[in-house]
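J.: Structure, please.
(one chain, ligands or ions: 1)
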Amino acid sequence: MFQLTRSVIWQALERLHQQTRDDRIRDYFRADPQRFEQMSLRVGGLFLDYSKHQVSDQVLAKLLELADHSALVQRRAQMFSGDIINVTEDRPVLHTALRNLSDEPVYVDGEDVMPEIQRTREQIKRFSEAVRSGEWKGYSGKRIKDVVNIGIGGSDLGPNMACRALLKYRHPELSFHFVSNVDGTHIQKVLSRLDPATTLFIVSTKTFSTQETLLNAKSARRWFLDNAGEDADVGAHFIAASTNRRAAMAFGIREENVFEFWAWVGGRYSMWSSIGLPIALSIGFEGFMELLEGAHEMDRHFIEAPFAENMPVLMALIGIWYINFVGAETQAVVPYDQALHQLPSFLQQLDMESNGKSVDIFGHPVNYKTGPIVWGQTGSNGQHAFFQLLHQGTRYVPIDFIASLKPEPGFEDHHFALLTNMLAQANAFMEGSQGDNQEHGQHDPYSCPGNRPSSTLLLDELTPKNLGALIALYEHKVFVQGVIWNINSFDQWGVQLGKRIAGEISERIDTNASDFDASTQGLLQLVRDHFPHHATSANDKAKAKTKGKGGKQETSS
Ligand SMILES: O=P(O)(O)OC[C@H]1O[C@H](O)[C@H](O)[C@@H](O)[C@@H]1O
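T.: Numbering: from 1, shown residues only. Next up is the predicted model:
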């Protein structure tokens, strides 16, 4: 069996790490005046500078060999052409088809999926135009003013992040709200500010079985019925984005208002599908198409560019260098752009749910590190919160700085300060500073060690198109890493386990839970005291479930 860590290239990379571990990044620049030109590239409206990394030319060449000798070319072709690469769920992975703007067909089980994707796009177009123009009326004849997306995970983070990022393109008479947490205070707070007669709810859930989303959707419907319309009016205020048409209709959503998507779209890759409906409602269908276009262009780049000039491949390889050879545990993402403040959360799910795996595609445990801990928040706020640790702490954290060049009219001075702060930080992380006592070999509290690496990603402007390209870039980076680690980036059995146990615990609220550990039993007892009324209903449900055993297993998200 092929073992990644025993391969000649892997071992050469380990040796290279020993040889270069004391290299200073700044010395690479001194030795090579062309380093910035050579280690930066542009794709459409995105510019990546990856020169400030502790990666010598030799290391980069060896990392590229690692990619050349991996299954990347083959797996990339398999993904784009609809082969079953999500092996544990027996599915293709085709978010790229959702933004396929070429005339090329994409086949699943011998059938071209492009016509149905186009049909759904048309449906999104018609609906978003009707709501935006005011032609779509609520039950009392008023136009929609507020849109509430109810969803969680991939059914929340993508549209939420994109709507906020593209806020300046928003329809001036529409406001957007995102409810995800099962904590009732979340939905309560949102509803308290809304008028049911002018509110549209989008129940966004691939499976239509996610507990948090269903509870929030039911509370929203109850609020609507208590404060406004009747059952027959629900259809004018609730629509769904789901693969589970039947469950959505059982909820009271009209068949024509269930916006379909397909099992081969993973939750965290779904903002290009009907899950992106809030984006189309906010910025208009044309803007939504521009988002798809940006992603499609990045897809083309990913397919066509040689690895040495391929933005997602280079980002993935540099990440692998830090994770597997240098030993970094985390990856920080710091957008110097307030509109991108949800981006770290989005990327956290994208990366950690995809590559948080410890067995390879054959089910064998891996003996190397896989996906990093992804975290971050906007600069310049982060500078005044956690940057201290990055500058002087004992951890080694590679950083992705992200910013858009074009300032907001009227706020040029703010934007200038924002960008110069970002450049200053990237420089300071690399250069560090020497304290006065350095030469005496004493520990100096003023000195910063430097040699901390970063990438800088610049968008010409934060447009729908550039945002689409940015997100597709990270999707492919995660994909490339998954291929090199030989893991399945498209399942999420850990999350499914949590969902299953949550169901089991809630069913045990009034029964003997002795098969759970003592801690869970003890804690459950404390919970039980507060929910005596739940006991009977949970028990009934448990009995009903036992009766109905053997039913079809719910599809995963
Ligand atoms: O869209 P849903 O079926 O409601 O699933 C929502 C979310 O559920 C889980 O958390 C999965 O791990 C996510 O990938 C998914 O996006």
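J.: All the helices of the stretch 51-200 of the chain, in order from the start?
T.: Using DSSP state H, counting those that start in this stretch, the helices of the stretch 51-200 of the chain run over 57-68, 72-80, 95-98, 114-133, 157-165, 184-191.
J.: Turn those into TSV, columns for distance to residue 397 and mean neighbour count.
T.: All C-beta atoms are positioned from the backbone trio N, CA, C, and that covers glycine. Supplementary listing: those in TSV, determined by distance: least, CB to CB, whole Å; neighbours: other CB atoms under 10 Å:
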stretch	distance to residue 397	mean neighbour count
helix 57-68	19	18
helix 72-80	27	17
helix 95-98	29	25
helix 114-133	39	16
helix 157-165	22	25
helix 184-191	31	15
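J.: and of the ones you listed, who's closest to the ligand?
T.: Shortest distance between the ligand and these, using CB to the nearest ligand atom, is found for helix 157-165: 7.9 Å.
J.: Would you mind measuring from the nearest residue to residue 373 once chain neighbours are set aside to the ligand?
T.: Nearest residue to residue 373, sequence neighbours excluded (CB to CB, 6 or more residues apart in numbering): residue 330, at 4.2 Å. Taking CB to the nearest ligand atom, to the nearest Å as the measure, residue 330 falls 21 Å from the ligand.
J.: residue of the stretch 251-400 of the chain with the smallest distance to the ligand?
T.: Here the stretch 251-400 of the chain gets closest to the ligand at one residue, residue 267, 2.5 Å apart by CB to the nearest ligand atom.
J.: and the helix or strand hosting residue 403, which strands flank it?
T.: Here residue 403 sits within strand 399-404, counting by DSSP states H and E. If you go by DSSP bridges, strand 399-404 pairs up with strand 330-335 (parallel), strand 454-459 (parallel).
J.: Of all these, which one is nearest residue 100?
T.: For the strands paired with strand 399-404, the distance to residue 100 is smallest for strand 454-459, at 23.1 Å, taking CB to CB.
J.: which of the residues in the closest one are buried?
T.: 454-459 (16 or more other CB atoms under 10 Å).
J.: Tell me what the closest residue to the ligand within the stretch 1-150 of the chain is bridged to.
T.: Distances between the stretch 1-150 of the chain and the ligand by CB to the nearest ligand atom are smallest at residue 150, namely 9.6 Å. With DSSP bridges as the criterion, the beta-bridge partners of residue 150 are residue 179, residue 203.
J.: For the stretch 201-350 of the chain, what lies in contact range of the ligand?
T.: 205-207, 210, 213, 267-268 (CB under 6 Å from any ligand atom).
J.: Now the element after the strand holding residue 403, going C-ward?
T.: helix 412-431.
J.: now the angle from the helix ranked longest in the chain to helix 57-68?
T.: Across the chain, the longest stretch assigned as helix under DSSP state H is helix 464-485. Orientation of helix 464-485 against helix 57-68 (axes from the mean of the first three to the mean of the last three CA atoms, to 10 degrees) gives an angle of 80 degrees.
J.: Taking helix 157-165 as reference, get the angle to helix 464-485.
T.: The directions of helix 464-485 and helix 157-165 differ by 150 degrees, with the same axes, to 10 degrees as the criterion.
J.: Whichever helix or strand comes after helix 464-485: how far from the chain's middle?
T.: Tracing the chain C-terminally past helix 464-485 and defining elements by DSSP H and E, one meets helix 493-507 next. Its chain's average C-alpha position is 22 Å from that of helix 493-507, according to CA atoms, centre = their mean, to the nearest Å.
J.: show me what contacts the nearest residue to residue 344 once chain neighbours are set aside?
T.: Of all residues not flanking residue 344 in the chain, residue 376 sits nearest, at 3.9 Å (CB to CB, 6+ apart). Residue 376 is in contact with 332-335, 344, 347, 382, 399-400, counting by CB atoms under 8 Å, 6 or more residues apart in numbering.
J.: Which one of the residues you listed is nearest to residue 474?
T.: residue 347 (5.7 Å).
J.: any idea which element that closest one lies in?
T.: Here residue 347 is assigned to helix 343-355, by DSSP H and E.
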